[in-house]
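Peer 1: Curious how this folds, go ahead:
(one chain, ligands or ions: 1)
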Amino acid sequence: MGTTEKIYFYPVWLRIWHGINALGIIILIITGISMQSSLDSPLIGFSLAVNLHNITGIVILLSYLFFFIGNIVTKNGKYYLIKAKGFFQNPIKQSVYYAWGMFHGSKPPFPLSQKRKFNPLQKYFYVLVMYIAVPIVIITGIALLFPELIIEEAYGFSGLFLTAILHSAVGFFISIFLIIHIYMSSIGKSPFDNFKSIISGWHHL
Ligand code: HEM
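Peer 2: The predicted model follows:
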């Protein structure tokens, strides 16, 4: 009949969180790289980069708490639950679809619906980023803001050094996630369809 079914996947609170988070993480990546740079003319001056990084880090902490609580008090959290059944098979099926099926006209193995907002691979990545990587970056970031909290030595290494390495490594992982996330978001009805969804709230099936 020419009409496409649409689902209201992204409520206002989630869209606000996502916007603040996306902008914040981009600022953190740019200022983080600037702080590591030893070039004479870095992207942003060192002290501006440090101040911006610290302030944005606190904004990301608050927005993360908003997301975390939002996922507990609304139904959105249920989309992040991983079941033991199909733990390995489902993401493999989805990967095969991305690598082969998608280019050969196969139907998606896990079509989205009111019950399923994410395909299995997407879900694993979102859980990994939102419940492991972002919390690690936030906790290590707070520790680096208050270095007196950090233990002096572990396994012969300075605690400060280990915390800084973990903070940068996981920050790097989030940067890679962001590139993959934006690319994967362009796979849909049309390249911009998912980007419109995260702004309007409505996802076209
Ligand atoms: C310019 C930056 C970004 C763009 C353009 C973008 C784009 C999108 C789009 C189009 C969606 C909806 C489609 C989907 O579920 O895949 C989405 C959802 C999502 N994004 Fe992003 N994103 C950005 C940054 C980020 C960052 C930095 C994170 C986390 C560190 C993130 C985490 C998420 C999560 C968890 C969802 C699912 C939310 C939910 O429905 O519960 N995004 N993003």
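Peer 1: looking at it, residue 97 is touching residue 111, isn't it?
Peer 2: No - contact criterion Cβ atoms under 8 Å: residue 97 and residue 111 do not qualify, at 10.8 Å. Where C-beta positions appear, they are placed from N, C-alpha and C, glycine not excepted.
Peer 1: Name the residue in those two with the higher neighbour count.
Peer 2: Neighbours per residue, other Cβ atoms under 10 Å: of residue 97 and residue 111, the larger number sits with residue 97, 19 against 9.
Peer 1: The more buried one: what's it in contact with?
Peer 2: By Cβ atoms under 8 Å, 6 or more residues apart in numbering, the residues touching residue 97 are 106, 108-109.
Peer 1: ok, and it, which helix or strand is that part of?
Peer 2: For residue 97, the element it lies in under DSSP states H and E is helix 89-99.
Peer 1: quick one: the next helix or strand after that helix to chain centroid distance?
Peer 2: Following helix 89-99 in sequence order, the next helix or strand is helix 120-128 (DSSP H and E). Centroid separation for helix 120-128 versus its chain: 10 Å, with Cα atoms, centre = their mean, to the nearest Å.
Peer 1: Using PDB, write down the CA coordinates of the helix or strand that helix 120-128 is followed by.
Peer 2: Sequence-wise, the next helix or strand downstream of helix 120-128 (DSSP H and E) is helix 134-145. Taking C-alpha atoms only, helix 134-145 is exported to PDB below (Å, rounded to 0.1, in the frame of the first residue of the first chain):
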ATOM      1  CA  VAL A 134      32.100   4.500  29.300                       C
ATOM      2  CA  PRO A 135      32.000   3.700  33.100                       C
ATOM      3  CA  ILE A 136      35.700   2.800  33.000                       C
ATOM      4  CA  VAL A 137      36.600   6.100  31.300                       C
ATOM      5  CA  ILE A 138      34.500   8.000  33.800                       C
ATOM      6  CA  ILE A 139      35.900   6.200  36.900                       C
ATOM      7  CA  THR A 140      39.500   6.500  35.700                       C
ATOM      8  CA  GLY A 141      38.800  10.100  34.600                       C
ATOM      9  CA  ILE A 142      37.600  11.000  38.200                       C
ATOM     10  CA  ALA A 143      40.600   9.300  39.600                       C
ATOM     11  CA  LEU A 144      42.900  11.400  37.300                       C
ATOM     12  CA  LEU A 145      41.100  14.500  38.500                       C
END
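Peer 1: lowest confidence element among the helices and strands of the chain?
Peer 2: strand 153-154 (a mean of 89; mean pLDDT, DSSP states H and E).
Peer 1: now residue 22: how far from the ligand?
Peer 2: 4 Å (Cβ to the nearest ligand atom, to the nearest Å).
Peer 1: any idea which element that residue lies in?
Peer 2: Residue 22 belongs to helix 12-36 when elements are defined using DSSP H and E.
Peer 1: and the residue nearest to residue 175 when sequence neighbours are not counted, how many neighbours?
Peer 2: With sequence-adjacent residues excluded and distances taken as Cβ to Cβ, 6 or more residues apart in numbering, residue 175 is closest to residue 29, at 5.2 Å. Using other Cβ under 10 Å, residue 29 has 16 neighbouring residues.
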